[in-house]
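>>> okay, structure incoming, though there's no sequence with it:
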């Protein structure tokens, strides 16, 4: 197992993801249409409500986070779903690959697409709705993006695990998981507005703290003293757990025959 | 004799229903040995466990019990190393719809760690071998069934495997393409010495391709050997139905080459021979020498169902 061979296997999924995104109209739609809808619908709402600059930035941060995270997470999920939809899953898994190659390769393409979405939405938010995107500074912005990519990796990995266990029935989670997380994490509102049970859940999700960290630069206090550190700690822990879950789900899939059934 | 596959006491059951409470056994204590360098057929009706067996041997499914060693490696503990040396294709193989022939081969080549010039050379070699040149830039979903099958075989050879699994390799192909595929499989085995394990429903295909076959029943190997051996063991063969112009010939039929049995029903004689395609010409020559004229000759080959029925009774 040389480093070069590992890199080639990761590249296989990155290159395939790139080709699929280029050729797939739906992928382009995801990248441009929904982010534009989100930035304009939310931005115009903030104008209608005559919100101050800080609150506009608070709300638009949610829109940026959701669309950026979702595009990265979808690319990771698609790496497996393309094989499921084309019924070619067994041809990938008969090769000497690991799930890490899939996640890293597709994550690379997701990261590029996520950056494009973030930049487009960010520029539009600044230009049309006076969002102060750079007020927190470049360092905070980079940490915020790292947090979003980390969350996307966790969510994408969980979707892969669920599809490997439950097959086609779990495909819907690829589109639902980001929305579910966002509702709990305070998409356009502070988590203090959530009902008690939901707020308790939100405190276990790293994204809550990444959003609080970035919004703290606009004058909105975080619920914990060090939201970035707390978010990263939780996020890395969840990434390890979700990766292990994915490995176990592959094992279960090999035991139950799901992998072969998904190829028929 | 070195073994490519060695399976002992192989068990596999699928769990279905609510919480997997229903258990459907598929393989039950199956034993199988396949020598290296042969084409070996797994035969049997639908649902008998052919695909399950091939999936276990190809590391795509874990057995519940038993020992399985493929190319000297344990399928459970050394799956990753084994995967570098095997590959798989099927009759209805599917790949990602919008990737072209070259992109598909490149993707799967990358999965085996191939890169740059060696990969490009291997892809060109396979494109030439399977005559896919004019279609190299055509997306998978725009290829005909025959071309898809050729691509599947090309992909299955991308890593130069030592053992190739073919699950119903000619399923869904027209007769011309099916024969072309069979010729290609045989040529691969003869030229490269590649061990091939295939499943098929088609007895003629098994006879044409396989050095040896195993019939599965109730999750076990019911019988194994070459098709002519199995037919001879059961006293079964192809039927030659000869209709004479002036009644049956005055011949000692038992001296005819390859004859297993015969029955006279004037003006018809039914001969059962081991292999019709081999025996027809000499039998007709013998009849001509004796001055018999025939009005009709019919050949009925044994089909898989009949052979299977005979084996199970």
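Here it is on my side, so go on. It should be emphasised that the depicted structure is a prediction, and the values quoted were computed from it without experimental measurement.
>>> when you work out contacts or count neighbours from here on, use the C-alpha atoms and nothing else.
Will do.
>>> what residues does chain A have near chain B?
Applying CA under 8 Å from any CA of the partner chain, we find that chain A lies next to chain B at A:5-6, A:8-9, A:11-13, A:16, A:19-20, A:23, A:82-83, A:86-88, A:90-97, A:254-257, A:259-260.
>>> so which of the residues you listed sit within strands?
Taking DSSP state E, every one of the residues of chain A next to chain B sits outside strands.
>>> can you turn the buried part of the residues you listed into a ChimeraX selection?
Entered in ChimeraX, the line below selects the buried ones among the residues of chain A next to chain B, by 16 or more other CA atoms under 10 Å in any protein chain shown:
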select /A:5,6,8,9,11,12,13,16,20,82,83,86,87,88,90,91,92,93,94,95,96,97,254,255,256,257,259,260
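>>> and stretch A:118-128, what's buried?
A:118, A:120-122, A:124-125.
>>> show me the shaky parts of the chain.
If you meant another chain, say so; for now it's chain A. In the predicted model, chain A carries pLDDT under 70 at residues A:1.
>>> my question was about chain B, not that one.
Looking at chain B by pLDDT under 70, you get B:172, B:247-249, B:303-305, B:312-313.
>>> residues from it in reach of chain A?
So chain B meets chain A at B:14-15, B:55, B:58-64, B:80-81, B:83-84, B:86-88, B:93-99, B:107-108, B:110-115 (CA under 8 Å from any CA).
>>> show the buried residues in those.
B:14, B:55, B:58-63, B:80, B:83-84, B:86-88, B:93-99, B:107-108, B:110-115.
>>> tell me which of the residues you listed fall in helices.
Residues of these located in helices (DSSP state H): B:55, B:80, B:83, B:107-108, B:110-111.
>>> residues in contact with the residue in the stretch 101-250 of chain A that chain B sits nearest to?
Chain B sits closest to residue A:101 of the stretch 101-250 of chain A, with a gap of 9.3 Å, by CA to the nearest CA. Residue A:101 makes contact with A:6, A:9-10, A:13 under the criterion CA atoms under 8 Å, 6 or more residues apart in numbering or on different chains.
>>> how far away is it from residue B:165?
Counting by CA to CA, to the nearest Å, the gap from residue A:101 to residue B:165 is 25 Å.
>>> ok, now residue B:42?
Separation of residue B:42 from residue B:165 (CA to CA): 11 Å.
>>> pretty sure residue A:39 contacts residue A:124?
Yes: the pair residue A:39 and residue A:124 passes the contact test of CA atoms under 8 Å, sitting 7.4 Å apart.
>>> hmm, back to that, quick one: which of the buried residues of stretch A:118-128 is nearest residue B:5?
Nearest to residue B:5 among the buried residues of stretch A:118-128, counting by CA to CA, is residue A:118 at 53.2 Å.
>>> residues contacting residue B:67?
Going by CA under 8 Å, 6+ apart, the list of residues near residue B:67 reads B:6-10, B:74.
>>> pull out the buried positions in the helix or strand where it lies.
Element membership of residue B:67, judged by DSSP states H and E, is strand B:65-70. For strand B:65-70, the neighbour count (16+ other CA under 10 Å) marks B:67-70 as buried.
>>> may I have the strands that pair with it, each with its orientation?
Paired neighbours of strand B:65-70 in the sheet (DSSP bridges): strand B:3-16 (antiparallel), strand B:73-74 (antiparallel).
>>> can you name every helix or strand that the helix ranked longest in chain A contacts?
Secondary structure of chain A per DSSP H: the longest helix is helix A:53-85. Secondary-structure packing of helix A:53-85 (3 or more CA pairs under 8 Å, 6 or more residues apart in numbering or on different chains; DSSP states H and E): helix A:3-23, helix A:25-48, helix A:89-93, helix A:99-129, helix A:138-166, helix A:173-185, helix A:206-216.
>>> which of the ones you listed is buried the deepest?
Of all the helices and strands packed on helix A:53-85, helix A:206-216 has the most neighbours on average by mean count of other CA atoms under 10 Å in any protein chain shown, namely a mean of 26.
>>> how far off helix A:53-85 does that one point, in degrees?
150 degrees (axes from the mean of the first three to the mean of the last three CA atoms, to 10 degrees).
>>> show me how far helix A:206-216 is from its chain's centre.
Relative to its chain's centre, helix A:206-216 lies at 15 Å (CA atoms, centre = their mean, to the nearest Å).
>>> nearest residue to the most far-flung residue of chain B relative to its centre in space, please, no chain neighbours.
Within chain B, residue B:246 marks the point farthest from the mean C-alpha position, 43.2 Å out by CA atoms, centre = their mean. Excluding its sequence neighbours, the residue lying closest to residue B:246 (CA to CA, 6 or more residues apart in numbering or on different chains) is residue B:267, at 7.0 Å.
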